[in-house]
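Chemist: next comes the sequence, and after it the predicted model I'd like to discuss.
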Amino acid sequence: MNDETKASERTEASLELLYTVSRQLAAQIDLDKLLQRILQLTAEKLGAGNGGILVIDEKGVATEGALIVDGAVLDHTAAQQVDLLRDGLAGWVLKNRLPALVVNTHEDPRWLLREGSEIDGVSRSAISVPLIAQERIVGVLTLVHPQEDHFTHAHLDLLGAIADQAGMAVEKARLFAAEQERRRLALILQEIARTINSVLDPAMVFDKILEQLARLVEYDKASIMLLEDDHLCLVEARGFEDNASLLGKAFSIDPDTMIEKMLSSGLPLVVKDAQQTSGWFDLEILPELRDIHAWIGSPLVIRERSVGVLNVYSHTIGAYDQSNVDVVAAFAVHAATGVANAQLFSETQSASRLYAGLFEDSIDPILITNTQGVITDANNRAESFLGYPRDTLFNRSIHSLHASKPEGIPEDLTKLEPTETISYNTTLMKSSGEELPVEVHAKRIDVARQPFLQWILRDISERLELDKLRDDLTSMIFHDLRSPLANVISSLEVLHSAIQPGGEALKPVLAIAMRSSRRLSRLVDSLLDLARLNAGKDILDVAEASLNTLITEAVDEVRPVAEAKSHLIEIKMSKRLPKLVFDVDMIRRAMINLLENAIKFTPSGGQIGVHARRRGGYVIVSVADTGPGISEDEHQRIFEKFARGGQKDRPKGLGLGLSFCKLAIEAHGGKIWVDSEPGKGAVFSFALPI
């Protein structure tokens, strides 16, 4: 057989071997079995009965390995081959990223001779290649033979070709194994999370956390510390001689210590030998840690804020690596959630007890209903206030307590927003049949994520009696004033007309008296009209009239008072305002009231603006001043009866003028409002329909 035929046969055999290896490697994803299969195939085809294979991680650390000795495969031998990566042929291949052919292992310095090694005892030649996947060395494959110069460069090329396929297969198997491990850890973490979150008692949840932690990482001791103000408090411990005696111990958080750095960064830390690491724990406070070497500390983070530390301790130096840190950090996320849930439950329980105490001890009657208005709870005051035993109130509709359907209560109570409060006055029917006027404040509250309504009742019978007494007294006073006031005005008019020539000096005095009398008369008429309007009586005496003329007359009436304070009154009116149908006397009084208020509240030398314009189906009249302004929270209140501005150093009145203006304008189908803010004056406007 000639050399060409032999070379052809060797090439064919090599291709067949590559095909066989490729097919078998592609079908195997279990890393241990894959390493064994690579060794068996290559050793058999290259005539080597001994060898080894190592898998390394991104940092060059051996993570898995296998040996073949006299044809028998030994797995999980990474620890036995570590020195080969440091001082042996595998280390040279890894460092230089090159294959190596050793003719005589006893003469080549790259070969590490080890006493008692089974392989070294039968090795004379060796071959070693790197396993490369995506330009990264993932392992080293080495074969040995008992004869010198057994392996050739053709063997080296063939083993290199096999290594290329083996490298990809190893990387795929390694990634698959890593993914399987991640899934396994994820399932365990999910189960752990369910277990931890099923416990809400803080004392029990801390113990459960350390119990479940042992499923993920081996430890000799473990502890949980929570952040309280400027120190850490130990709340749970395991593995100590007397765990219970340690609870409550406090640790200061000194600057530049490992604990301070961890809490600030929110990232876990690992220490190989704590006893040789400065800035670790204060062993004077916790001497039980003097036998600890390896430590993992992971912050407990809730809403991006560190609230504590999970500590894992080992007596063995260097017991923990980055993979352990990653697992503890992932576990700490679930532990923090469990702590947060337990704390929230504890706070909720405390809040519930506090609310229950406030609820029962409140001086106001309080009813709780669902969103359909069915009573679910009542406090002691409600029971005595309404005269019903508490058990008879339950499951009863809140509406059944009303003597009549009140205004202001929505038809659909389910649409109340969490921050919305409704208030109204009504009459409730007590168990005795007595009717009781009350003021009701209803607000939505959420209990355990379920919406309820809280109804606070306040007895207003005394207030209503006082209001009626005040109204009766006011009405009586102004009725009694009306007749003598009319006599005063008519007498002044007679005197004014009877002044003889030469008595002109008396006319200004009489003019002041007549103007003041007419103002007093308007006030009396407005107050009497106010009472009738409040009672809902129809008192309007309407006729078609010009609003331009009315505004001009009202300004002329108040001009002397404005000039006395050096005010400038500016009038801007559309010349073609349509004629309206209204009660001229009532609207004139409302207009004068707004002008007098503007003059009264504007400092001397200010400006008063009067504007009238048409907008849509309304004529809008505005009175603007340069006074101190009105805060937004008073915009509605100042139109209420007897309401006055609450600011100090302001002119005071009865609080009836704006109330009359509002009722008078609304009686005509119009509306009145104010635009103002403190320090920028006020603009009172009213709109009358065309």
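Modeler: In hand now; what should we look at?
Chemist: output stretch 511-518 as PDB, restricted to C-alpha atoms.
Modeler: Output of stretch 511-518 as PDB, limited to C-alpha atoms (Å, rounded to 0.1, in the frame of the first residue of the first chain):
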ATOM      1  CA  ALA A 511     -77.800 116.400  51.500                       C
ATOM      2  CA  ILE A 512     -75.600 114.300  53.700                       C
ATOM      3  CA  ALA A 513     -78.500 113.500  56.000                       C
ATOM      4  CA  MET A 514     -80.700 112.600  53.100                       C
ATOM      5  CA  ARG A 515     -78.000 110.400  51.500                       C
ATOM      6  CA  SER A 516     -77.400 108.600  54.700                       C
ATOM      7  CA  SER A 517     -81.100 108.100  55.300                       C
ATOM      8  CA  ARG A 518     -81.600 106.700  51.900                       C
END
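Chemist: for that stretch, buried residues please.
Modeler: A513, M514, S517 (16 or more other C-beta atoms under 10 Å). C-beta here means a position set from N, CA and C on the backbone, and glycine is covered the same way.
Chemist: please, where are all the strands along the stretch 151-300 of the chain?
Modeler: Residue ranges of the strands in the stretch 151-300 of the chain, as given by DSSP state E, counting those that start in this stretch, are 221-228, 231-238, 250-252, 269-271, 294-302.
Chemist: out of the buried residues of stretch 511-518, who's nearest I375?
Modeler: Nearest to I375 out of these is S517 (C-beta to C-beta; 59.2 Å).
Chemist: distance of that closest one from A664?
Modeler: Separation of S517 from A664 (C-beta to C-beta, to the nearest Å): 22 Å.
Chemist: could you measure from the closest residue to L246 other than its chain neighbours over to L210?
Modeler: Nearest residue to L246 in three dimensions, chain neighbours excluded: A237, at 4.8 Å (C-beta to C-beta, 6 or more residues apart in numbering). In this view, A237 and L210 are 8 Å apart by C-beta to C-beta.
Chemist: cool, G318 as well?
Modeler: 23 Å.
Chemist: the two: who's more crowded?
Modeler: Per other C-beta atoms under 10 Å, whichever of G318 and L210 has more neighbours is L210, with 22 against 12.
Chemist: below-threshold pLDDT in the stretch 301-450 of the chain: ranges please.
Modeler: 343-358, 407-408, 410-411, 448 (pLDDT under 70).
Chemist: where do the helices of it begin and end?
Modeler: Remark: helices assigned in the stretch 301-450 of the chain by DSSP state H, counting those that start in this stretch are 322-361, 380-386, 390-393.
Chemist: that older thread, I'd guessed the residue nearest to L246 sits against N243; true?
Modeler: Yes - counting by C-beta atoms under 8 Å, N243 is a contact partner of A237 at 4.4 Å.
Chemist: and those two? Which one has more around it.
Modeler: Higher neighbour count among A237 and N243: A237, with 24 against 17, using other C-beta under 10 Å.
Chemist: pLDDT at the more buried one, what is it?
Modeler: With respect to pLDDT, A237 scores 91.
Chemist: which ones are touching it?
Modeler: L210, K221, A222, S223, I224, N243, L246, L247 (C-beta atoms under 8 Å, 6 or more residues apart in numbering).
Chemist: try it again at 7 Å.
Modeler: The contact partners of A237, by C-beta atoms under 7 Å, 6 or more residues apart in numbering, come to S223, N243, L246, L247.
Chemist: pick the one among these closest to E544.
Modeler: Comparing those against E544 with C-beta to C-beta picks out L247 as the nearest, at 89.4 Å.
Chemist: distance check, the closest one against A237.
Modeler: Relative to A237, L247 is positioned 7 Å away (C-beta to C-beta).
Chemist: pLDDT weak spots in the stretch 1-150 of the chain?
Modeler: 1-29, 114-122.
Chemist: which parts of it are helices?
Modeler: Ranges of helices within the stretch 1-150 of the chain are 3-26, 31-45, 82-87, 89-96, 118-122, based on DSSP H, counting those that start in this stretch.
Chemist: and if you look at the stretch 501-650 of the chain?
Modeler: 507-534, 547-564, 584-601.
Chemist: among those, which is the most enclosed?
Modeler: Highest mean neighbour count among the helices of the stretch 501-650 of the chain (mean count of other C-beta atoms under 10 Å): helix 584-601, with a mean of 22.
Chemist: show the average pLDDT along that one.
Modeler: Here the average pLDDT along helix 584-601 is 89.
Chemist: check stretch 270-282 too.
Modeler: Average pLDDT, stretch 270-282: 86.
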